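A.B. asks: Generate a structure from the sequence data that follows.
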Amino acid sequence: MLKYFDALIDQAESTGKHIGCFNEDTDEWLDYETLNKATLLMDKAITAAEKESGKSSAYVSRLRRERLPLEHVWLKGYDHFKQYAETKGVKFAGPDDPLVACKQFFALCEQYEVTAYREYDTPQKFADYKENMLRRFEKPE
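C.D. replies: From the prediction side, this is the model:
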């Protein structure tokens, strides 16, 4: 986890950007390579915790909750990130199927009683956001 936090902090500091609590996205400071690295580090931490404590332990549950922001970043920028990885020929640590990932993301949000992705949003705005995100990844019939 320390490597995960260090990767994010180092990247944020390297940009010289002030990262406030009301930023709409991570575009100004979180680059693709760091997002990939952070995702792989978080996955490694979860895997280690599962081996140590069991898949249903409280520790693993807390790590899965802490992974939600990464999942949100991947979903918000999915098309851009996928295209970037393909163009550069680099590993894509994002979700294989964005619709499945989106459904899992919102199921975890429900499990962890997340009702907003910004502190000043209402539960209704979050419900609308969920609907729009799911619609975005649905395949046309």
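
A.B. asks: Could you list the residues in contact with the helix or strand harbouring residue 73?
C.D. replies: Counting by DSSP states H and E, the element that carries residue 73 is helix 58-76. Helix 58-76 is contacted by residues 1, 25-26, 30, 35, 38-39, 42, 45-46, 49-50, 52-54, 81, 94-95, 98, 101-102, 104-105, 108-109, 112, 114, 117, 133 when judged by C-beta atoms under 8 Å, 6 or more residues apart in numbering. For every residue, glycine as well, the C-beta is placed using N, CA and C.

A.B. asks: Kindly recompute the last result at 6 Å.
C.D. replies: 26, 39, 42, 45, 46, 49, 50, 53, 94, 102, 105, 112 (C-beta atoms under 6 Å, 6 or more residues apart in numbering).

A.B. asks: gap between the closest residue in space to the fourth one that isn't next to it in sequence and residue 108?
C.D. replies: Sequence neighbours aside, residue 1 is the residue nearest to residue 45 in space, at 5.2 Å (criterion: C-beta to C-beta, 6 or more residues apart in numbering). Remark: distance between residue 1 and residue 108 (C-beta to C-beta, to the nearest Å) = 18 Å.

A.B. asks: now do residue 79
C.D. replies: When C-beta to C-beta is the yardstick, residue 79 and residue 108 sit 22 Å from each other.
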